[in-house]
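Colleague: fold the stuff below for me.
(chains A, B, C and D)
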4 protein chains.
Amino acid sequence: MVLVESVANSERYRPTRADKFSFGLWTVGNSGRDPFGEATRARVDPNDSVRHLAELGAFGISMHDDDLVPYDATPAERDQIVGRLRRTLDETGMVVSMATTNLFNHPVFKDGAFTSNDRGVRRYAIAKTMRAIDIGAELGAPVYVFWGGREGVEAMAAKRPADALDRYREAIDFLCGYVLDRKYAMRLAIEPKPNEPRGDAFLPTVGHALAFIGSLEHPEMVGLNPETAHETMSGLSFYHAVAQTLWHGKLFHIDLNGQKMGRYDQDLRFGSEGIKDTFFLVKLLEESGYQGPRHFDAHAYRVEDAAGVWDFAAGCMRTYLLLREKARQFADDPEIAAALMAASVAELAEPTVGAYSADAAAALRSAPGDPNVLAVRGYHNERLDQLVMELLMGAR
Amino acid sequence: MVLVESVANSERYRPTRADKFSFGLWTVGNSGRDPFGEATRARVDPNDSVRHLAELGAFGISMHDDDLVPYDATPAERDQIVGRLRRTLDETGMVVSMATTNLFNHPVFKDGAFTSNDRGVRRYAIAKTMRAIDIGAELGAPVYVFWGGREGVEAMAAKRPADALDRYREAIDFLCGYVLDRKYAMRLAIEPKPNEPRGDAFLPTVGHALAFIGSLEHPEMVGLNPETAHETMSGLSFYHAVAQTLWHGKLFHIDLNGQKMGRYDQDLRFGSEGIKDTFFLVKLLEESGYQGPRHFDAHAYRVEDAAGVWDFAAGCMRTYLLLREKARQFADDPEIAAALMAASVAELAEPTVGAYSADAAAALRSAPGDPNVLAVRGYHNERLDQLVMELLMGAR
Amino acid sequence: MVLVESVANSERYRPTRADKFSFGLWTVGNSGRDPFGEATRARVDPNDSVRHLAELGAFGISMHDDDLVPYDATPAERDQIVGRLRRTLDETGMVVSMATTNLFNHPVFKDGAFTSNDRGVRRYAIAKTMRAIDIGAELGAPVYVFWGGREGVEAMAAKRPADALDRYREAIDFLCGYVLDRKYAMRLAIEPKPNEPRGDAFLPTVGHALAFIGSLEHPEMVGLNPETAHETMSGLSFYHAVAQTLWHGKLFHIDLNGQKMGRYDQDLRFGSEGIKDTFFLVKLLEESGYQGPRHFDAHAYRVEDAAGVWDFAAGCMRTYLLLREKARQFADDPEIAAALMAASVAELAEPTVGAYSADAAAALRSAPGDPNVLAVRGYHNERLDQLVMELLMGAR
Amino acid sequence: MVLVESVANSERYRPTRADKFSFGLWTVGNSGRDPFGEATRARVDPNDSVRHLAELGAFGISMHDDDLVPYDATPAERDQIVGRLRRTLDETGMVVSMATTNLFNHPVFKDGAFTSNDRGVRRYAIAKTMRAIDIGAELGAPVYVFWGGREGVEAMAAKRPADALDRYREAIDFLCGYVLDRKYAMRLAIEPKPNEPRGDAFLPTVGHALAFIGSLEHPEMVGLNPETAHETMSGLSFYHAVAQTLWHGKLFHIDLNGQKMGRYDQDLRFGSEGIKDTFFLVKLLEESGYQGPRHFDAHAYRVEDAAGVWDFAAGCMRTYLLLREKARQFADDPEIAAALMAASVAELAEPTVGAYSADAAAALRSAPGDPNVLAVRGYHNERLDQLVMELLMGAR
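Modeller: Numbering: from 1, shown residues only, chains lettered A, B, ... in the order given. Sure, this is the predicted structure:
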């Protein structure tokens, strides 16, 4: 292997609009505040964020209503703020790829938003979401995300889970009705998370949210926005989570970042932890036909100053491109192809028995196979995985 | 609080058939073998287990095919073994409350059963399951469980998850067809687990399995068999998992035991860890109308001799009854009722907005509520949770 | 069991000064701010906290310098604030049982305090600690705690761990020198934590900190302040952690709260999670001769209003007293005594071989025992643990 | 970057004796048995393992007594077996780099070995260890490892932790006495693990074991054998664990493998998980002056046949060499050097205040620095970490 770091190399990993990278306004705007410390960076004007991200090669942004419009803004101020962002987007050629509601920061949501025990709060949450959906529609967001940050509980006795799920469904059904009524070209996406800030959240994983969607009035217009950190916190494979989401046709959006298992929500720079799982994720996204944004929901370390934020943002995109290239190398590598063959990977795509019929059952019973013979072969996964690691380490 | 341990007391927690306690043959038959050590207890004859469990007050047993019939049994031997168990059940009044297939112990399944990359293995797995379903039907098991112990992967590259889900679905669809064809009065139940013995399992949680069921050919005949240890390994609330399962109408069976979060699969005596989550689980089962068995999938510590196994089994049932009594106390306690009121728990059962209509939306927009006013109240959950803890500790 | 909740009962769990309960000013003063939300409760005046805690039966408080004296206070203001607290303490009969420095909240500490890469920051951290030690001494705090909240790293490359440990040691050695020089009657206690707010903290567990103390210039004046939540985050037994700390003679102070494993730092009400581990902890503290405060480092759920904070505080103490009573019951229960005997618990206190001698070695070799014979017995731990659970549930 | 996979490349990562790679006999000899399944591979003759490992480029092996000599071997058989291995080692030029005792597999150890409640078992464990130390000495093992696999508890009440630590210390002190008496050129190394197979183990982490060593009679002859999987199970950084071990001068041996956090003990191929932590580990070992073996305690996936085992073994070594090369690249990379400078990494090696003196304290108090000024700078860790990731991915 000859390492030639060159202009060509740095060009190769330079993002373009076609790569569809987007960032939450709250990500590059993150001030570094955490449970144990005050902000270490100044607030960034959303319009500046848009311009800076455009220069770096992103194609879009996402936002909570509150990232843009303060609680106490008058309707005129709200229109002025939204109009200004609209112009900045137009000037830079950037899009709003996703919008969402902040239903977690204000103390009113301390007991939940759609699942607060207080009906008044629940009504306020839905009203706030309607207003925010309007902003999203006005700015052209094709996907509207629901992260139920406060939809959970610390004291188990404080909420009957079935009631909470009923209210959650009622809210989503109502808001689907609203979007349809307004004829917004918008799909909804639920973002699961197991815990933090609540002790135990409802719809804790991709799986729970997928099942929940099946119970909705308009299941076809609701999908998922899975997030690396959220699934990984529970020690689950994010790659598998996204794969099952795609299998159900429900990958409407994605939140990419980095996270160690069994930890507080870290929202690290994309790819900075769990490189192998991240590689298979990128490979999956690229090969699945997923057309949505590659959206980063992460933030710079608290030790960074303003400049470090842009290093962070550039790093997210660059790592994605590096891994995308490796996915292509994977597909072209003859030794890897041979290892996949030795592991019988393609054979898993072949039907086992087909649809049930009494004949098929009888055939199977009469010739089930001999387990002791079938058990002999090896699957050569060590070799395959080692080739993956070497590909990841640039040794292929 | 006056503590009077008396005959009356020990009678009060004595299980009866009506309590519907059942145990896997493999649980009381567990030999104490673990990854680092050999068996510490002799194998128990299944008929002896049935008799012993009957004496202790259980109403049923469950079993893998291999718990009963050895791999190399002739058809005549198989019939003799099954017949003998049938007689023991009849003599003791015990039932087979659930049956399942061992698709994990034999080396043939090292790469998976329904999702092995080797089609021959997949066919063998389905054939073995058909035979095992026959035994289950013959012994009257109303529920047939699928735990995909080997359906997973260590080397991510070794299985495309979508292929694995396709094959999983194909197998379940085929076996539903078989059960229907044979006119067995049997429902199927999937048992999720996040990992161990595989690095990452397909259908890792209750949520993922619920979503998967929605994609089946006969979703109505397939539900779940959630297990305390399996959900808890990922740090998720088992109480919430079972509640969502019930909410979807999919609690077909349950595996009760004890587990610490973030650990290897411990299968501890029911109630011996996570007493608060366990209490709410028992309360939920008792109040939900669930009619199925209270089934223990646990085993005695490896340090126990044969006698210790029965201490273990008795302890599982006794703790369940203790917690059931506490659930009744909870319902009758006026101070707890007041605390539930202060936390507005019942208010979560009230609809927030009802079905969508343009009028309802307009009404909500015109009077959304004032967040600063709505934020003022407290929810008094500390007091509620403390009352729960004191109830659990017998101080109420 | 007859449950008689009576005046006598509620008296029985009423804390007194002799119980030595103390609370951090920051605990009852916690405003409910978290990573995803703003404060839900107003700031509490420290003097009000002292008075309220005194009424509830606490004997003392602890504090960070910043809990009391703002950054921008003049020396005169500082003296006035400290003097006012001194008078409130005298009026109420409360003590300052521990003091500590806030080395994590201000942005200056974003890269660490004693282990910041910036030498200026490190010097500032030591200077701030000296000033804070003076306040602690003036208020009579016998223990001074060091929690290295920011002593860690996200980017592994950013700190050589050996350098960080060198600087940590240098700072503690210097501050020991300062305490000795000032002739303060004060011992130092290190509080370990595995992560959060930093990705990986130095001195992550009780064990690492104990080992570190052995390398100090004045190891005899430095001990530990272990915290339930911090050890439990890593899935380790806090009971075992405190037991090893006591075994080394290093339990100088303790931070009691509640925590689920593998989660963000929850600081829940004492005893509200992990009741079995908590019971053994209380039993250990009571039986070990530990004379220090039973100090709570926890906070009320964010859903609580001001009143809920005092429910929380009362609950911490009440649960401790309940568990203390159960520890006494444990010691007096003949059935438990029999079970301990059956498990050979006392036999573990007997020397195995004594000090080495060639004769002892020869004797052992000549009669090593027969493993197959020694392996036969059971240890009856299921029965013992079930009795513990029933004691905890008030069924004994 | 131009990728040229060539003969030169594959030579570059070919291990030699000088690299000091060693493997446990039980690692390449692992049969694939796990808690849910039977062996998938035949037992390997230790002499064959030695020969095969020699061919692959390893320099040594390690072993448990039971890996070599069966329980029921006569003294003559024992001598014959040991002699045969001695000859195979001589023929191949391989060494025994470490030896240890199996104190976990036999049922006799079900309640512990040095900390079993049964004094007879404790005596047997020490006697067995003495015999095994003799074998280790005879085969020239310079390090003798103690993994207390069964030294722990499920039922908290079953062991007083202080008693367990007393007995653990007594055993190690006795065995140190034995080694000294026999004048063996052998150091002892303790291997910590948090749990599995026991619910909670004594000496759960590197930190706890380091502290324990400080309490021994011969602390200078006892160090650590840290293992990747064991520390990582608790979510702790193995890199930091080894760094603190080195800082205390206690890295006597090391067990390298791969592991996901918060999981059962996986013992995966070295480097196959947590590549960033693994890279810093290799860098640390290479730069620390550590002269001991690079010892792998891992095993091939259960899906492998005999051939896959050698793929696995070769992969462990190859990944180490790849990462070692990257460590050298790291040291030589000017952009990384600049990033380290921007992060002030070297400044952490500078003393902060030096030893305590009244003058130094006074100087510090008079000029503590201004926190608001000191807080301004960024530390540029995002850039540094991104460079590390790109180095790891072969993009530098």
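Colleague: got a list of contacts for stretch A:146-153?
Modeller: With contact meaning CB atoms under 8 Å, 6 or more residues apart in numbering or on different chains, stretch A:146-153 is reached by A:100-101, A:103-104, A:109-116, A:159, A:164, A:168, A:172, A:188-191, A:193, A:195, A:197-203, A:225, C:36-37. Using the backbone N, CA and C atoms, a C-beta is placed for each residue, glycine as well.
Colleague: got the CA coordinates for that stretch in CSV?
Modeller: Provided in CSV are the C-alpha atoms of stretch A:146-153 (Å, rounded to 0.1, in the frame of the first residue of the first chain):
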residue,chain,number,x,y,z
PHE,A,146,-41.4,13.5,16.0
TRP,A,147,-38.9,12.8,18.7
GLY,A,148,-40.8,12.2,21.9
GLY,A,149,-38.1,13.4,24.2
ARG,A,150,-40.3,13.8,27.2
GLU,A,151,-42.7,11.0,26.4
GLY,A,152,-41.7,8.7,29.2
VAL,A,153,-41.6,8.3,32.9
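Colleague: in the stretch 251-396 of chain A, what residue lies closest to chain C?
Modeller: residue A:264 (3.6 Å; CB to the nearest CB).
Colleague: skip the chain neighbours and tell me the closest residue to that residue.
Modeller: Spatial nearest neighbour of residue A:264, excluding adjacent residues (CB to CB, 6 or more residues apart in numbering or on different chains): residue C:264 at 3.6 Å.
Colleague: which residue is it, in the stretch 51-200 of chain A, that comes closest to chain B?
Modeller: Closest contact between the stretch 51-200 of chain A and chain B, by CB to the nearest CB, is at residue A:177 (2.5 Å).
Colleague: residue D:147 versus that residue, what's the distance?
Modeller: As judged by CB to CB, to the nearest Å, residue A:177 and residue D:147 stand 62 Å apart.
Colleague: how many residues are close by the closest residue to residue A:378 other than its chain neighbours?
Modeller: The shortest distance from residue A:378 to any non-neighbouring residue, by CB to CB, 6+ apart, is to residue D:305 (2.9 Å). Per other CB atoms under 10 Å in any protein chain shown, the neighbour tally for residue D:305 reads 17.
Colleague: contacts only, for residue D:305.
Modeller: By CB under 8 Å, 6+ apart, residue D:305 lies in contact with A:376-378, D:40-41.
Colleague: do you know the pLDDT at it?
Modeller: If you check residue D:305, the pLDDT there is 98.
Colleague: also residue A:43?
Modeller: Listed pLDDT for residue A:43 reads 89.
Colleague: repeat for the one 3 residues further on
Modeller: We note a pLDDT of 97 for residue A:46 in this prediction.
Colleague: how many neighbours does it have?
Modeller: 20.
Colleague: distance check, it against chain B.
Modeller: Separation of residue A:46 from chain B (CB to the nearest CB, to the nearest Å) stands at 22 Å.
Colleague: gap between that residue and chain D?
Modeller: The gap separating residue A:46 from chain D is 21 Å, by CB to the nearest CB.
Colleague: got phi/psi on that residue?
Modeller: phi -50, psi -40 (degrees, to the nearest 10).
Colleague: buried residues in stretch A:128-140, which are they?
Modeller: A:128-130, A:132-139 (16 or more other CB atoms under 10 Å in any protein chain shown).
Colleague: same check on stretch A:169-189?
Modeller: Judged by neighbour count using 16+ other CB under 10 Å, the buried positions of stretch A:169-189 are A:169-179, A:184, A:186-189.
Colleague: before we move on, the earlier item: mind checking which of the buried residues of stretch A:128-140 land in helices?
Modeller: A:128-130, A:132-138 (DSSP state H).
Colleague: restrict those to those near chain B?
Modeller: Among these, the residues within reach of chain B (CB under 8 Å from any CB of the partner chain) are A:128, A:130.
Colleague: of the ones in helices among the buried residues of stretch A:128-140, just say which sits nearest to chain D.
Modeller: residue A:136 (29.7 Å).
Colleague: which residues touch the closest one?
Modeller: A:96, A:98-100, A:144, A:186.
Colleague: residue D:92: which of those is nearest?
Modeller: residue A:98 (61.6 Å; CB to CB).
Colleague: sticking with that closest one, tell me its helix or strand.
Modeller: Element membership of residue A:98 [criterion: DSSP states H and E] is strand A:95-100.
Colleague: partners of that strand in the sheet?
Modeller: Next to strand A:95-100 in the sheet, as set by DSSP bridges, lie strand A:60-64 (parallel), strand A:143-147 (parallel).
Colleague: deepest of those, which one?
Modeller: Among the strands paired with strand A:95-100, ranked by average contacts under mean count of other CB atoms under 10 Å in any protein chain shown, first place goes to strand A:60-64 (a mean of 27).
Colleague: mind checking how far it is from the chain centre?
Modeller: 13 Å (CA atoms, centre = their mean, to the nearest Å).
Colleague: which residues sit in contact with the closest residue to the residue of the stretch 51-200 of chain A closest to chain B other than its chain neighbours?
Modeller: In space, and not counting its chain neighbours, residue A:177 is closest to residue B:356: 2.5 Å by CB to CB, 6+ apart. Neighbouring residues of residue B:356 by CB under 8 Å, 6+ apart: A:173-178, A:181.
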